[in-house]
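J.: Would you be able to build a 3D model of this:
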Amino acid sequence: MVWWARRSDRTGERKMHAAIPPLVGAIGLMGCGLTTNPILSIIMMSVATVGIYSIFGPFWAIPSLFLTELEAAVGIALISSIGNLGSFIGPYVIGYVQDSTGSVEMGLYFISIVLFICFLLVFTIKEELVTSTPVQPQSNKLDIR
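T.: The predicted model follows:
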């Protein structure tokens, strides 16, 4: 997660750095649902976790690239509110899907579909809106003269 965010800062590219992680998460959850091998299931769940958590750095940098300061504050607050609403409703929806289908795997597939939709939404953002100037690495050495 930290490496992916630093790579996004170093290159100044945000769109693909925010689009690829949910795709990786979707593939990991789909693979977790498709396998019956517990070791492979843990590996796929780890892949999904890496993908899901790696989106945070590049994603939160995107609104400030094309919104003014006031608009960015409102936009970030709106994103947080929708995210909190999803955190509240999501477990109920997953429980409903599992109860209605009788399958834990269907809950994983549902989350995979939501992550794939996230990938598509981020992928459709215009490139010129989400490109920033790369961050220059700074030396940690003190210049004492």
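
J.: Remind me which helix or strand the residue nearest to residue 104 when sequence neighbours are not counted belongs to.
T.: Counting by CB to CB, 6 or more residues apart in numbering, residue 104 lies nearest to residue 98, which is 5.8 Å off, once chain neighbours are set aside. C-betas here are computed from N, CA, C, even on glycine. Here residue 98, judged by DSSP states H and E, is contained in helix 69-101.

J.: following that helix, which helix or strand comes up?
T.: Beyond helix 69-101 on the C-terminal side, the first helix or strand identified by DSSP H and E is helix 104-123.

J.: What's the separation between the spatially most central residue of the chain and residue 92?
T.: Centroid-nearest residue in the chain: residue 55, 3.0 Å away (criterion: CA atoms, centre = their mean). Using CB to CB, to the nearest Å, residue 55 is found at 23 Å from residue 92.

J.: got it, and residue 105?
T.: 18 Å.

J.: ok, now residue 107?
T.: For residue 107, the distance to residue 92 (CB to CB) stands at 11 Å.

J.: Compare these two (neighbour count), which wins?
T.: Between residue 107 and residue 92, residue 107 has the larger neighbour count (other CB atoms under 10 Å), namely 20 against 9.

J.: Settle this for me: that one is touching residue 100, isn't it.
T.: No: at 10.4 Å, residue 107 does not count as touching residue 100 under the criterion of CB atoms under 8 Å.

J.: Can you tell me the element residue 20 falls in?
T.: Going by DSSP H and E, residue 20 is part of helix 15-34.

J.: and the helix or strand just after that helix, how far out from the chain's middle?
T.: Counting by DSSP H and E, the element after helix 15-34 in chain order, helix or strand, is helix 38-54. With CA atoms, centre = their mean, to the nearest Å as the basis, helix 38-54 stands 14 Å off its chain's centre.

J.: Give me the helices and strands touching helix 38-54, please.
T.: Applying 3 or more CB pairs under 8 Å, 6 or more residues apart in numbering; DSSP states H and E, one finds that helix 38-54 makes contact with helix 15-34.
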